[in-house]
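Asks: no sequence for this one, just the structure:
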Ligand code: DOR
Ligand code: ZN
């Protein structure tokens, strides 16, 4: 098979940044995806109706054919009235960052109970809770597993609240999502599907493979792969593509985040083909996520062809995932 047609996919977790760089990143993802759910951890963060609408406009101007799905950041001063306003402009998610868990999360939440009223209102308004599921006080490789009890607690306290456990990185979290009710789903990235800690520190230190949550053991990766290939509707694609300039990554204190946007579909094609699961790819990138969020599935399509290409070493000053590697699938 030398050609493959997919419904135009959805990326349910992406960082497009801001200012001049935003246009580049939005245009890169628009080459492969029709809709993107943009994360709110800009500086300043997306916490008001006006900031969210301005952000949407900037993306529309840069990439007119890309549909933007909106988010807001949950922060300690959030007012209940804000939630109704967010709902009115069609915001899909409120993003929960534990304080200090990742890039630009210092203004996140340190006490989960503090935001129970917000979560209760989100449950009533049917706004999805998106969680960066890591407990910052735990050892780095155990942070995701340490966060699972919090998600469990949320399912008990707010049984109708829909929750997305973002960017799964551990076998324990995969199992937890399977065990939880259908109100809980999860996103899976290309990098957690393909890499382990060996790709970060096994031989040389590879700063461009550093992200939060950190890539983990072969067993963890295997559990994530099985989840993605399983055809279970709880697991769908979210890239967590998170560009940082080369200098910001190769520095005294390197930033967390992997720029995967330019290589997503070629790598997904390669991985699903390797496991003889190409028949499950359409639902993974263009079906289950839309269903979970309650939006219509994509009606457009995109064609991929078997044609080698070499991933550039840098794109707009950022080192992308798989830089310098030869990939087998290209966009037609
Ligand atoms: O590696 C990451 N980078 N993980 C996140 O959760 C945030 C992201 C970013 O914004 O750079
Ligand atoms: Zn993210």
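Replies: Cool, got the structure. Since this is a predicted model, take the numbers as computed values, not measurements. Residues are numbered from 1 along each chain as shown. Ligands and ions are numbered 1, 2, ... in the order given.
Asks: can you map out the strands along the stretch 151-300 of the chain?
Replies: 163-165, 184-188, 235-237 (DSSP state E, counting those that start in this stretch).
Asks: quick one: the last one to chain centroid distance?
Replies: To tie it back to what came earlier, the one meant is strand 235-237. 9 Å (C-alpha atoms, centre = their mean, to the nearest Å).
Asks: which positions in the stretch 51-200 of the chain make contact with ligand 1?
Replies: 102, 103, 132 (C-beta under 6 Å from any ligand atom). Placement of C-beta: from N, CA and C, glycine included.
Asks: dump the residue contacts of the first one.
Replies: Think residue 102. 41, 132, 134, 212, 256 (C-beta atoms under 8 Å, 6 or more residues apart in numbering).
Asks: wait, which of these is closest to residue 116?
Replies: For the contacts of residue 102, the residue nearest residue 116 by C-beta to C-beta is residue 132; the value is 18.2 Å.
Asks: how many other residues sit next to the closest one?
Replies: 26 (other C-beta atoms under 10 Å).
Asks: ok, now which ones touch it?
Replies: 95, 96, 97, 98, 101, 102, 105, 108, 166, 167, 212.
Asks: correct me, but residue 5 touches residue 301?
Replies: Yes - with contacts counted by C-beta atoms under 8 Å, residue 5 reaches residue 301, the gap being 5.3 Å.
Asks: circling back to that earlier point, CSV please, covering the residues of the stretch 51-200 of the chain next to ligand 1 and showing pLDDT and secondary structure.
Replies: What follows is those, written out as CSV (pLDDT from 0 to 100; DSSP: H, G, I helix; E, B strand; the rest coil):
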residue, pLDDT, secondary structure
102, 91, coil
103, 90, coil
132, 98, coil
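Asks: in CSV: the strands of the stretch 151-300 of the chain, plus mean neighbour count and mean pLDDT.
Replies: Listed next are these as CSV, based on neighbours: other C-beta atoms under 10 Å; pLDDT from 0 to 100:
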stretch, mean neighbour count, mean pLDDT
strand 163-165, 26, 99
strand 184-188, 24, 99
strand 235-237, 26, 99
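Asks: need the ones you listed in CSV (columns: distance to residue 116).
Replies: Output for the strands of the stretch 151-300 of the chain, formatted as CSV (distance: least, C-beta to C-beta, whole Å):
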stretch, distance to residue 116
strand 163-165, 14
strand 184-188, 18
strand 235-237, 27
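Asks: which SS class is residue 91?
Replies: Under the three-state scheme (DSSP: H, G, I helix; E, B strand; the rest coil), residue 91 adopts coil.
Asks: and it, how many neighbours?
Replies: 21.
Asks: start at 32, not 1
Replies: Sure, I'll start counting at 32 from here, so that last one is residue 122.
Asks: what's the nearest residue to it once chain neighbours are set aside in contact with, if anything?
Replies: The shortest distance from residue 122 to any non-neighbouring residue, by C-beta to C-beta, 6 or more residues apart in numbering, is to residue 101 (4.5 Å). Neighbour list for residue 101: 68, 69, 77, 83, 86, 87, 117, 120, 121, 122, 123, 124 [criterion: C-beta under 8 Å, 6+ apart].
Asks: then residue 226?
Replies: 240, 246, 252.
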